[in-house]
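In: coords please:
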Amino acid sequence: MNAITRLPFLAELQDGIDRIASPEREGERQRYRTIWISDIHLGTRGCNAKMLIDFLDSVDSDTMYLVGDIIDGWRLKRRFYWPAAHSDIVWRVMKRAKRGTRVIYIPGNHDEMFRQFTGLSFGGVEIRRKAIHETADGRKLLVLHGDEFDTIMLAHRWLAFVGDAAYSLLMRLNVVVNAVRQRMGLPYWSLSKIAKHKVKNAIEFISRFEEVVAHEAGSRGVDGVVCGHIHNAEMREIGGIQYYNDGDWVEGCTALVEHFDGRMEILHWADEIAAREAGQTVRMAA
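Out: Model prediction:
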């Protein structure tokens, strides 16, 4: 990553990543043909690093796509925040690439500083502006972050930064709420996700975004599209195009996976953890 650290503030980021990471959890992993994750927002307090580490220690794949907003450059430029758990995540991704997993990184708007390295590879991680993925059953999927189709980002960039500040506040509240819930023995619950779905304008924006992205994918002659950006995991057909959004790791904690027969599935990791812990409780009781 030597070339990357020439950018402002990224030398400090490199120092944070170089900290020794905690070891991976041993044990059998669920294997998939492909995994898509996005909107991790490393460098922010809203990042649910603990849950993502659990995910990375529980699954493996032939290919992994990092679909943007992996590192939150917007926030890091204002105030540097990089706990050890965020290094653990970077370390796990890099180790996965070294083990032979093809890792493709498509920067988003929050980590757009990496877009200038499109076409290069760092530590086995390929940086691309977009990609075409062919599924096991022969479908072609356009993979991109999705901010290209966000009218707020394109026409009113200043408004996007204001919205980001408000969203950051909601994320901090989300952390506090779930810390209290954890002490009470309650499962993870996304305050921001519930709030967003209660707002009519947010619902209309999400729907419009999905339609625009699907239409663009159709114009490029592919069968479907995979994106992130709006923190709303979804899979549905729009105008004959399969639309997939892998969600995020600050609110919903979701990933999109492709099984070896080409079947697609969204994993809601909080639910996966709850099911696993329930199973362990049943076995202990037996």
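In: Provide the secondary structure category for Val257.
Out: strand (DSSP: H, G, I helix; E, B strand; the rest coil).
In: near the spatially closest residue to it that is not a sequence neighbour, how many other residues are there?
Out: Sequence neighbours aside, Tyr32 is the residue nearest to Val257 in space, at 4.3 Å (criterion: CB to CB, 6 or more residues apart in numbering). Where you see a C-beta, it was placed from the backbone N, CA and C, and this is true even at glycine. Using other CB atoms under 10 Å as the criterion, Tyr32 is surrounded by 21 other residues.
In: now do the contacts for the spatially most central residue of the chain.
Out: Computing the C-alpha centroid of the chain and ranking residues by CA atoms, centre = their mean puts Ser38 first, at 1.8 Å. With contact set as CB atoms under 8 Å, 6 or more residues apart in numbering, Ser38 has these partners: 66-70, 108, 145, 227-229, 246-248.
In: which non-adjacent residue is nearest it?
Out: Leaving aside its sequence neighbours, Ser38 sits nearest to Gly228 (CB to CB, 6+ apart; 3.0 Å).
In: right, and the one you found touches Ile70 too?
Out: No: using CB atoms under 8 Å as the test, Gly228 is too far from Ile70 to be in contact (9.7 Å).
In: touching both of those two, which residues are there?
Out: Taking CB under 8 Å, 6+ apart as the contact definition, Gly228 and Ile70 share the neighbouring residues Ser38, Gly108.
In: higher neighbour count, these two?
Out: Higher neighbour count among Gly228 and Ile70: Gly228, with 31 against 28, using other CB under 10 Å.
In: quick one: buried residues of stretch 71-78?
Out: By neighbour count with 16 or more other CB atoms under 10 Å, stretch 71-78 contains the buried residues Ile71, Asp72, Gly73, Trp74, Arg75, Leu76.
In: now do the strands in this structure.
Out: Using DSSP state E, the strands assigned to the chain run over residues 30-37, 59-66, 102-105, 121-122, 125-127, 131-134, 140-143, 224-227, 234-238, 241-245, 254-258, 264-268.
In: okay if I get the ones you listed as CSV plus distance to Ile89?
Out: Supplementary listing: the strands of the chain in CSV, determined by distance: least, CB to CB, whole Å:
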stretch, distance to Ile89
strand 30-37, 10
strand 59-66, 11
strand 102-105, 13
strand 121-122, 16
strand 125-127, 13
strand 131-134, 21
strand 140-143, 20
strand 224-227, 21
strand 234-238, 24
strand 241-245, 21
strand 254-258, 13
strand 264-268, 17
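In: deepest of these, which one?
Out: Using mean count of other CB atoms under 10 Å, the stretch among the strands of the chain with the largest mean neighbour count is strand 224-227, at a mean of 27.
In: touching that strand from outside, list them.
Out: With CB under 8 Å, 6+ apart as the contact definition, strand 224-227 has outside contacts at 36, 38, 65, 67, 133, 139-146, 213-214, 216-217, 241-246, 256.
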